[in-house]
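Participant: Sharing a sequence plus its predicted fold:
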Amino acid sequence: MITLEQVSKTFAARSGSVRALDDVSLHVEQGEIYGVIGRSGAGKSTLIRTVNMLERPDSGTVTVDGLELTGLEGAELRRARQRIGMIFQQFNLLASRTVRGNVELALEIAGVDRAARRARSSEILELVGLGDRAGARVFELSGGQKQRVGIARALAGNPSVLLSDEATSALDPETTASILGLLRELNKELGLTILLITHEMDVVKTLCDSAALMRDGRIVEQGRLDDIVVREDSLMSPDLFPLGELPEPRGTTIIEITFVGLASEEPVISRLARTHELDVSLLGAAIETIHGRQTGRTRLEISGSASQVDAAVADLQGQGLAVNRVREAR
Ligand SMILES: Nc1ncnc2c1ncn2[C@@H]1O[C@H](COP(=O)(O)OP(=O)(O)OP(=O)(O)O)[C@@H](O)[C@H]1O
């Protein structure tokens, strides 16, 4: 549904040029929720803004819903953009208009007549849970309600794609959860494809089917979340399942195991100790629900000879578990 191929963008800055996007390629499937995560300055905003050509790439192509936007200009580009909705961290609502007035704005610009605008705004406000607030002014709304208006406005023209630029970053955790829940519902009910950028791993964890990690204008890891979590040496996994700092070295081996869809890691650990006659202690565990499946990462400390440890790791891998050797005994 969204494909970026080898997209690059450089900005001129006082201190020299900044390569905000460096050969970025990614693909978002129809109906998927795709998160791009990275620290401040990684290039996330520039990336999402190239998807609707708010930022034109220097090179590479951007294709949305079968249309190559990098090849379009003028009226054609404006028409193509109507298929792409966008929501923002600061909501960007017009204070002079009512809730309904904000939602109808894009429809007015698109030349939709008054009766059709009214019908559509009522329908979409109902969908985002603001059916009874159509006449309210923006200043009367809470942050979460403002973002609901932002979402209604973005979806008024029936786009196939929604771009979300840090949509929950200005909201408290409870409101964030309700907005993420709404986005998931809209994704399911309307088959809406969502591309979002965020600096919060929790957003990725709660909402996304797939994710990409950006650093210095490049995508350094990407894939489906359930593939990423079991990938050895995944860059995102430690943040998906934070296990804290490693202890001081003390001549032991430390491994991390990822469990997908298992109720408990305990039998695995006790069997490991028994079968291989090892001392195994649990240093940490983090469990999350990803795609409705209990997924966890466990950090174990193992004391035993090198051959015992090798056999234990091979045994775990033989059970289909992803094992990462974090520290070798010395
Ligand atoms: N219009 C611009 N002119 C000059 N430099 C820019 C411009 N837009 C972005 N940059 C630079 O490009 C780099 C990537 O910026 P970008 O805003 O895309 O990152 P980000 O990951 O979205 O960060 P943040 O979360 O802080 O918004 C940064 O070094 C930024 O200073």
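Facilitator: That came through fine. Numbers count the residues shown, from 1 in each chain.
Participant: For the closest residue to residue 321 other than its chain neighbours, which three-state class applies?
Facilitator: Counting by Cβ to Cβ, 6 or more residues apart in numbering, residue 321 lies nearest to residue 257, which is 5.2 Å off, once chain neighbours are set aside. C-betas here are computed from N, CA, C, even on glycine. Secondary structure, DSSP: H, G, I helix; E, B strand; the rest coil: residue 257 is strand.
Participant: Let me know whether residue 257 touches residue 302 as I believe.
Facilitator: No - here residue 257 lies out of contact with residue 302, judged by Cβ atoms under 8 Å, at a distance of 11.1 Å.
Participant: For the residue nearest the centre of the chain, give its distance to the ligand.
Facilitator: Centroid-nearest residue in the chain: residue 35, 2.1 Å away (criterion: Cα atoms, centre = their mean). Look at residue 35 and the ligand: by Cβ to the nearest ligand atom, to the nearest Å, they are 13 Å apart.
Participant: Likewise for residue 38?
Facilitator: Distance, residue 38 to the ligand, by Cβ to the nearest ligand atom: 5 Å.
Participant: what residues are up against the residue of the stretch 151-300 of the chain found nearest the ligand?
Facilitator: Closest contact between the stretch 151-300 of the chain and the ligand, by Cβ to the nearest ligand atom, is at residue 199 (5.7 Å). Counting by Cβ atoms under 8 Å, 6 or more residues apart in numbering, residue 199 makes contact with 37-40, 44, 166, 169.
Participant: Save those as TSV, and put in distance to residue 78, pLDDT and secondary structure too.
Facilitator: Putting the contacts of residue 199 into TSV (distance: Cβ to Cβ, whole Å; pLDDT from 0 to 100; DSSP: H, G, I helix; E, B strand; the rest coil) gives the following:
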residue	distance to residue 78	pLDDT	secondary structure
37	31	97	strand
38	30	96	strand
39	34	94	coil
40	31	93	coil
44	25	97	helix
166	25	94	coil
169	29	92	coil
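Participant: Quick check on those: which are buried?
Facilitator: 37-38, 44, 166 (16 or more other Cβ atoms under 10 Å).
Participant: Sort out which residues of the helix or strand harbouring residue 145 are buried, please.
Facilitator: Secondary structure assignment for residue 145, by DSSP states H and E: helix 143-155. Buried residues in helix 143-155, defined by neighbour count with 16+ other Cβ under 10 Å: 144-155.
Participant: got the contact list for that helix?
Facilitator: Residues contacting helix 143-155 (Cβ under 8 Å, 6+ apart): 85-88, 91-93, 99, 102-103, 105-106, 121, 124-125, 127-130, 133, 138, 141, 162, 167-168, 170-172, 175, 178-179, 182-183, 186, 190, 192.
Participant: Just the mean pLDDT for that helix, thanks.
Facilitator: The pLDDT scores in helix 143-155 average 96.
Participant: Export only the CA atoms of it, formatted as CSV.
Facilitator: What follows is helix 143-155, C-alpha atoms only, in CSV (Å, rounded to 0.1, in the frame of the first residue of the first chain):
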residue,chain,number,x,y,z
GLY,A,143,-6.5,16.6,24.6
GLY,A,144,-7.9,13.2,23.8
GLN,A,145,-11.1,14.7,22.3
LYS,A,146,-9.0,17.1,20.2
GLN,A,147,-7.1,14.1,18.8
ARG,A,148,-10.4,12.4,18.1
VAL,A,149,-11.4,15.4,16.1
GLY,A,150,-8.0,15.3,14.3
ILE,A,151,-8.7,11.7,13.4
ALA,A,152,-12.2,12.4,12.2
ARG,A,153,-10.9,15.3,10.1
ALA,A,154,-8.2,13.1,8.6
LEU,A,155,-10.7,10.3,7.8
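Participant: what's the following helix or strand after that helix?
Facilitator: By DSSP H and E, the next helix or strand past helix 143-155 is strand 161-165.
Participant: for that next one, packing partners?
Facilitator: For strand 161-165, the elements it packs on are helix 44-51, strand 84-88, helix 143-155, helix 173-190, strand 193-198, judged by 3 or more Cβ pairs under 8 Å, 6 or more residues apart in numbering; DSSP states H and E.
Participant: Swap in 10 Å and give it another go.
Facilitator: Applying 3 or more Cβ pairs under 10 Å, 6 or more residues apart in numbering; DSSP states H and E, one finds that strand 161-165 contacts strand 33-38, helix 44-51, strand 84-88, helix 143-155, helix 173-190, strand 193-198.
Participant: Which strands or helices does the first one pack on?
Facilitator: If contacts are counted by 3+ Cβ pairs under 10 Å, 6+ apart, strand 33-38 sits against strand 16-28, helix 44-51, strand 161-165, helix 173-190, strand 193-198, helix 201-207, strand 210-215, strand 218-224.
Participant: Quick check: residue 153 vs residue 114, distance?
Facilitator: As judged by Cβ to Cβ, to the nearest Å, residue 153 and residue 114 stand 17 Å apart.
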